[in-house]
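**Student:** Give me coordinates for this.
(3 chains)
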Amino acid sequence: MFRFIAIRLLQAIPVLLAVATLTFFMLKLAPGGPFSAEKNTTPEIQKHLEAHYGLNKPLFTQYLTYLGHIARGDLGPSFKYPNRTVNELIGQAFPVSAELGFWSLLVALSLGLSAGIVASLRPNTLTDYIPSGVAMIGICIPIFVLGPLLVLIFALKLHWVRVSGWDDWLDRILPALTLGGFYAAYIARLTRGGMLEILSQDFIRTARAKGASPVRVVLRHALRGGLIPVVSYLGPTVAGLLTGSFVVETIFQIPGLGRYFVTAAFNRDYTMVVGTVLFYAGFIVLFNLLVDLVLIRMNPKLRFE
Amino acid sequence: MNAPNEILRVENLRTSFHTREGVVRAVDGVSFTVRPGESLGVVGESGSGKSVACYSLLRLIPEPPGRIESGCALFHGLDLLHCREDELRRIRGDRISMIFQDPMTSLNPYLRIGDQVIEPLLIHGKVRPNEAFDLGVTALREVGIQDAARRMRSYPHEFSGGMRQRVMIALALITKPDLLLADEPTTALDVTVQAQILELIGQMQKERGTAVILVTHDIGVVAAFCDRLLVMYAGRILESGPTSELFYRPKHPYNQALQRSIPALHERGSELRTIPGAPPDVTQPIRGCPFAPRCEFALEKCIASEISLQEVAPEHATACLRVQLGEIELEPALARVAAE
Amino acid sequence: MNSPNEKPMRVEDQAIVEKRSSLWRDAWHRLARNRLALFGAIVLALLTLASIFGPALFGQSYFAQDLPLGATPPSAQHWLGTDTLGRDLLARLLYGGRISLAVGLCATGVALTIGVLYGTVSGFLGGKVDAVMMRIVDVIFALPFTVFVILLMVLFGRRFVLLFAAIGAVQWLTMARIVRGQVLSLRRMEFIEAAEALGLSKTRIIFRHMIPNALGPIIVYATLTVPSVMLLEAFLSFLGLGVQPPMSSWGVLIKEGAETMEEFPWLLIYPGLALALTLFSLNFLGDGLRDALDPQAAKD
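**Tutor:** Reported below is the predicted structural model:
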């Protein structure tokens, strides 16, 4: 087990290295960036940049300095906000996004799993068509259409919640539904597919031949295998929640990392943008590792490799 | 109600599959009885309906597209085909157990062997959970699995095909059922393992007095193992009776043709004998005897009139019209061998 | 005994007629029977035709402003209403549709070409070359596409062509993986060995034998890539990072609609509906294709 973790972590290093290298060169080449001759920032920030990146040193030294900083977790000074570092900004904004992500994931899993399981029990009947149909619609309505629509209906017309903001628990509802809704639909489809495939296997017939009740067949025999596609998809789900947060936080004015990222993109706060990209990369790599560990637990055949 | 000397009586079982290409009459009017402790073989080619008949008994046919159209199956007074779901579930795994053809796919790959072996005990509330483990170990030992206690924690993919089939037998018999349905239990196994598995089933059968219905397409298997035989073709029983009777005094052309097609050692070098033609298309209604198109003795009256299974000798029934009328006498194929 | 019209039955009487059908004919039949997929295909065709020919046939121009008019709800003169600058919404919708569909198709085309070539080469050559090429794919795959595209857009400007390149550059990865998987499994199949044994050149084997047989999943994936590309473009445009004014796409329209949705909800609803409908159709069509070409693939 530990060997596995060690191997995966080692495998992750070239990935992160590649990402860091790519971003470094993009920064170097970007017109108007910290390495360009244009110097379109305030003198204060310029000072910080020079100190951080060693702007006048040879290329390779710059590269190593860059890598060194990242390895230590130091993402540099902000390009736009004097006296703020990227680390500070991320530290301030990430917890908010994490909370949004948590609620959204909860919505996605609870709605998606239940809809998918119900749909798989009697395929091609109403109990299948209704959840599957709703799921199909959910997949096709983009987050940035669903969000404003929900706001239009529930905030502007019905006045049940506020239009935007992030103060009390009510404010969490619409954002979580918007962000989680799409993934709920996708998870519903995956669950249905996974369960259908498992339920058609021979060992389900064996379970029935033993006299197992339908509930037991589903919960004890089918779920373990049927949920594997969903767990495999968790990695991309979280990555998606991450990018979806850009839109949701923009629509609902939530002070999370996604919104900071988009604002930084607009403002050409290069260091912030790159820093956030690196942060996301690290986060996703770590999360994928966790998912793999769970998958091994779920599928005994993988344990003996 | 069941007669005193039978544990199962099936009458006129009809099971079909409603597919896009038509209605497949997989089992088309099958009746038979099973006596306590006996082993009944059901032989036939692929598509003869023998497996479907077994699955029908426990209602394990996938409901769309399959459907049990008619018939009854009386087991200790209860009609398995028409009783309530919960009554049927009480019988499954407890009074009637089933083992399946492919041991590689019949066990749940995500659960441990031990959990699967003791599951019937837990489902039917026979023991307390802490007693179940020991019973599981005993069951594994009885089917010949070494190091049983440790093996309880293994997963199916760590076992070979033969061992998995032993596990299936263990879990089927752990509740000491009255009847075991075995659907081609040896087909997916190597020849040497086949013999072992059959021996195991036979041994456990004798020890516990379990009746067995053994479905197979391999005549060699039934010859060694079964007391009585049913020969099925196109969803119907064409001949039934004690095994030795069916071999030495066949009363149906199909039976005779099957035996003749078994190559004998002394015939090495000569052409393999086959039965010309192909099994009928069971989506079309069959007139008269389903074997007639391929039968060397067939006449037009064989397809003109409805056929039915009738006793022509003690315990020995045939559906061949001409044999019933005494028009033909069939020579046993094995007489040739005996003569050599 | 044997009357003239009723002899003993002969084996030949039971001959079963076999229908000859090729893989493609089979697939076509399955697809045609799938009503949802057909529905999707029809809607898609209509939308595409409307987008291409609509603006020309339709009287209204998409950029003519009528400031005094301002935003108005649907009426006889403006079927879908007008936006805050008095521009006809239907016209803008059709024109935006052109852009969205164009981006969708072209970026998919780019992704397709790169992906197929990369995957075929990697799978065919195998061994170390394959391992290295796939490692590169894994590395690039580690980040969500969107983030990388945004990064590219931020650093290098928001030119339209760059948008294509950026989107195509991230979408080819999965295609490459799929193609490589197909090539690997095909390589082991006997008919390829037969072709090699007959002395066919490698190029010929690739183009005449492998790619046609791998086409199934490629078509399916391409059909499913188009909606995700369109979604990505709309996503970026919504954030202001994609298509820039004066050009318009459905993403831009949705953004503008969201800004004024309290007073003028139709400005949000119609573009949103158009996008959703297109994605809907494409997904159904893709699903239908997948069921038709590979009925055994139940997974997603």
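
**Student:** Which element, helix or strand, includes the closest residue to residue B:81 other than its chain neighbours?
**Tutor:** Using Cβ to Cβ, 6 or more residues apart in numbering or on different chains and skipping the chain neighbours, the partner closest in space to residue B:81 is residue B:73 (5.1 Å). The way it works is simple: take the backbone N, C-alpha and C, and place the C-beta from them, glycine included. Element membership for residue B:73 (DSSP states H and E) is strand B:66-75.

**Student:** same for that strand, what does it pack against?
**Tutor:** In terms of contacts (3 or more Cβ pairs under 8 Å, 6 or more residues apart in numbering or on different chains; DSSP states H and E), strand B:66-75 is packed against strand B:8-19, strand B:22-34, helix B:50-57.

**Student:** what do you get if the cut-off is 10 Å, keeping everything else the same?
**Tutor:** Judged by 3 or more Cβ pairs under 10 Å, 6 or more residues apart in numbering or on different chains; DSSP states H and E, strand B:66-75 is in contact with strand B:8-19, strand B:22-34, helix B:50-57, strand B:78-79.

**Student:** got the angle between it and strand B:22-34?
**Tutor:** Angle of strand B:66-75 versus strand B:22-34, following axes from the mean of the first three to the mean of the last three Cα atoms, to 10 degrees, is 10 degrees.

**Student:** buried stuff in strand B:66-75?
**Tutor:** Across strand B:66-75, burial judged by 16 or more other Cβ atoms under 10 Å in any protein chain shown covers B:66, B:67, B:68, B:71, B:73, B:74, B:75.

**Student:** Please identify the residues of chain B in proximity to chain C?
**Tutor:** Residues of chain B lying near chain C by Cβ under 10 Å from any Cβ of the partner chain: B:20, B:276-281, B:284, B:287-289, B:292-304.

**Student:** Any of the residues you listed buried? List them.
**Tutor:** When neighbours are counted using 16+ other Cβ under 10 Å, the residues of chain B next to chain C contain these buried positions: B:277, B:279-280, B:288-289, B:292-295, B:297-300, B:302-303.

**Student:** so which of those residues are also by chain A?
**Tutor:** Taking Cβ under 10 Å from any Cβ, there is no overlap between those and the neighbourhood of chain A.

**Student:** Just the ones of those residues in helices?
**Tutor:** Among those, the members falling in helices are B:300, B:302, B:303 (criterion: DSSP state H).

**Student:** Skip the chain neighbours and tell me the closest residue to the second one.
**Tutor:** For residue B:302, ignoring the flanking residues on the chain, the nearest one in space by Cβ to Cβ, 6+ apart is residue B:292 at 4.3 Å.

**Student:** quick one on the thing from earlier: got the helices and strands packed on strand B:66-75 as a markdown table, with distance to residue A:146 columns?
**Tutor:** Formatted as a markdown table, those follow (distance: least, Cβ to Cβ, whole Å):
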| stretch | distance to residue A:146 |
| --- | --- |
| strand B:8-19 | 41 |
| strand B:22-34 | 46 |
| helix B:50-57 | 47 |
| strand B:78-79 | 54 |
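
**Student:** Which residue ranges of chain B form helices?
**Tutor:** B:50-57, B:85-91, B:103-106, B:113-123, B:129-142, B:148-151, B:161-173, B:191-208, B:219-225, B:243-248, B:253-260, B:300-304, B:321-324, B:334-339.

**Student:** I'd like to know how far residue B:71 sits from residue B:197.
**Tutor:** Applying Cβ to Cβ, to the nearest Å, the value for residue B:71 to residue B:197 is 31 Å.

**Student:** In the chain, where is pLDDT below threshold?
**Tutor:** Answering for chain A, as no chain was given. Counting by pLDDT under 70, chain A contains low-confidence ranges at A:1, A:32-41, A:54-56, A:82-83, A:302-305.

**Student:** right idea, wrong chain: chain C
**Tutor:** Within chain C, the ranges that satisfy pLDDT under 70 run C:1-25, C:55, C:57-63, C:139, C:142-143, C:158, C:190-192, C:202-203, C:205-213, C:294-300.
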